[in-house]
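J.: Sequence first, predicted coordinates after that:
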Amino acid sequence: MDYRIINVYTSEDARSHGRPVWEAVVEQVRKARCAARCIVLKGVAGLYESGEQASSRLEVLSYNMPVKVEIILPAGECEALVERLSATVTDGIVVSGPCEVVFHRVSNGLTPRRLKVRDVMTANPTAVLEATPVSDIIRLLITADFNAVPVVDEAGRPKGIVTQGDLIERAGMPVRLGLLAELEQAQLDGYLANVTHLSAADVMTSPVVTVQADTPLPQAVAIMLRRNLKRFPVVDARDRLVGMLARLDIFGTMASQSVGRRTMGTCSADAGAPTLVRDIMSRERNTIEPNATGAEVLDRLRSSGVQRLAVVDEQGKFLGLITDYDLFAALTERRGGFWEYLKRRGDMDAAARRKTAAEIMKTNLVTVCENTPIEEAVNLMTEHGLKRLPVLSENGSFEGMITRQAALAAGSVCDEPLASP
């Protein structure tokens, strides 16, 4: 998250509507209700552009001492505050510039109070029009680091959103985007040729839930959880798209600024809130034995309706993890083999019987224990870009998973009224 620093150079005698300028500046920072900190410093000596000198060492000069107000705040809040100060600082100099913040820690939460959506969102996101062909959207998404794109009208107002789920459900996309990207180009082009008659308007989720850029972040998180959303478009006061807010954006902010506190609530510090992974983990038992064949792994994935299985030995010790991507990557001889599988299941099934779960699984994974603090799990998920973390007992047995959704919900207590929607 980018920060800016604003410095106001004024004096003790400077007045703004009858009150000291420094006092009026502090009041404007308070009214801005942003995640800013400021400090007022009184100098021991100074010189003004008029030639007037002040010094604490000489009684005759020891009046109207220089005063400096220093403000550090998220970059997105700087312009609005400077505009406020322009009407407040009647005698003084205001300067602003970028500020390299190493970390911003608070004692009562994983994020500073009064952070707003615009401080965290991804600004100027990629968007498509309602008439954009679905084939173009798929080409965009398989090469992007996001798997959903907002749909806007000619004025830039969000009309919907196209997610990976929309493409699977309404455009007949046979697999997730990550797997689709494994196809050879000619095969991918062949598939996309079948959906050129579809546009974004045909497959998008509409209406779409949006959030205003100046919405307090805790409120946005509460809406995200209440509506079970992974992301939503951010709009300005004229309802034009200005950003996207995703879970990962929030996690990144939490991970870079967390310390001490073990909840993610930024509206209130609830002593009874969950603090450890064991408080929020899912005790799922989607496991498979290491000697199971690839075919058995495939059947277990299908029957369980999940995208991953933990591989455990007879004592329940965690050995590794298999995702659907790992499975298909292991069972295809070359790039594009998965496409062949879609057409010739029999060949794939034969290949699946030749490999075991132990040969397919990924090992040396990032894991946590039940007693791991939640903020530590958040840091790991953010650092490694993970949606889930396996949870192990002290003896290494598989106990379940912790998800982004659960971690986000753990500290989502917000005691401010929720804004619509």
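T.: Thanks, I have the structure now.
J.: Could you list the low-confidence segments of the stretch 151-300 of the chain?
T.: Applying pLDDT under 70 to the stretch 151-300 of the chain picks out residues 254-274.
J.: again with the stretch 301-421 of the chain
T.: Where the stretch 301-421 of the chain drops to pLDDT under 70, the residues are 331-353, 411-421.
J.: at 90 what do you get?
T.: Scanning the stretch 301-421 of the chain for pLDDT under 90 picks out 301-308, 316, 323-356, 359-360, 364, 371, 373-388, 394-395, 402-421.
J.: need the helices for it, in chain order.
T.: Taking DSSP state H, counting those that start in this stretch as the criterion, the stretch 301-421 of the chain contains helices spanning 324-331, 337-343, 345-352, 357-360, 374-384, 404-410.
J.: try the stretch 1-150 of the chain
T.: Using DSSP H, counting those that start in this stretch, the helices of the stretch 1-150 of the chain run over residues 21-32, 75-86, 117-120, 134-143.
J.: Pipe those helices into JSON lines and attach mean pLDDT, distance to residue 389 and mean neighbour count per row.
T.: Where C-beta positions appear, they are placed from N, C-alpha and C, glycine not excepted. Below are the helices of the stretch 1-150 of the chain laid out as JSON lines (pLDDT from 0 to 100; distance: least, C-beta to C-beta, whole Å; neighbours: other C-beta atoms under 10 Å):
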{"stretch": "helix 21-32", "mean pLDDT": "95", "distance to residue 389": "37", "mean neighbour count": "18"}
{"stretch": "helix 75-86", "mean pLDDT": "92", "distance to residue 389": "31", "mean neighbour count": "17"}
{"stretch": "helix 117-120", "mean pLDDT": "90", "distance to residue 389": "22", "mean neighbour count": "24"}
{"stretch": "helix 134-143", "mean pLDDT": "91", "distance to residue 389": "25", "mean neighbour count": "18"}
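J.: TSV please, covering those and showing distance to residue 283.
T.: Converted to TSV, those look like this (distance: least, C-beta to C-beta, whole Å):
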stretch	distance to residue 283
helix 21-32	45
helix 75-86	40
helix 117-120	31
helix 134-143	33
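J.: how about those helices, which one is nearest residue 1?
T.: helix 117-120 (6.1 Å; C-beta to C-beta).
J.: What is the distance between the closest one and the centre of its chain?
T.: 10 Å (C-alpha atoms, centre = their mean, to the nearest Å).
J.: Could you do stretch 385-405 as well?
T.: 20 Å.
J.: mind exporting it as PDB, just the C-alpha atoms?
T.: Coordinates of each C-alpha in stretch 385-405 appear next as PDB, following Å, rounded to 0.1, in the frame of the first residue of the first chain:
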ATOM      1  CA  GLY A 385      -0.500 -17.000  -2.800                       C
ATOM      2  CA  LEU A 386      -2.500 -20.000  -1.300                       C
ATOM      3  CA  LYS A 387      -6.200 -20.300  -1.000                       C
ATOM      4  CA  ARG A 388      -6.000 -23.100   1.600                       C
ATOM      5  CA  LEU A 389      -3.500 -24.400   4.100                       C
ATOM      6  CA  PRO A 390      -3.300 -28.000   5.400                       C
ATOM      7  CA  VAL A 391      -3.600 -28.100   9.200                       C
ATOM      8  CA  LEU A 392      -1.500 -30.700  11.000                       C
ATOM      9  CA  SER A 393      -1.400 -31.900  14.600                       C
ATOM     10  CA  GLU A 394       1.800 -31.800  16.600                       C
ATOM     11  CA  ASN A 395       2.600 -35.400  15.500                       C
ATOM     12  CA  GLY A 396       2.100 -34.500  11.800                       C
ATOM     13  CA  SER A 397      -1.400 -36.000  11.300                       C
ATOM     14  CA  PHE A 398      -3.800 -34.300   8.900                       C
ATOM     15  CA  GLU A 399      -6.500 -32.500  10.800                       C
ATOM     16  CA  GLY A 400      -8.200 -30.300   8.200                       C
ATOM     17  CA  MET A 401      -7.800 -27.100   6.200                       C
ATOM     18  CA  ILE A 402      -7.900 -23.400   6.800                       C
ATOM     19  CA  THR A 403      -9.400 -21.300   3.900                       C
ATOM     20  CA  ARG A 404      -9.200 -17.600   3.000                       C
ATOM     21  CA  GLN A 405     -12.900 -17.400   3.600                       C
END
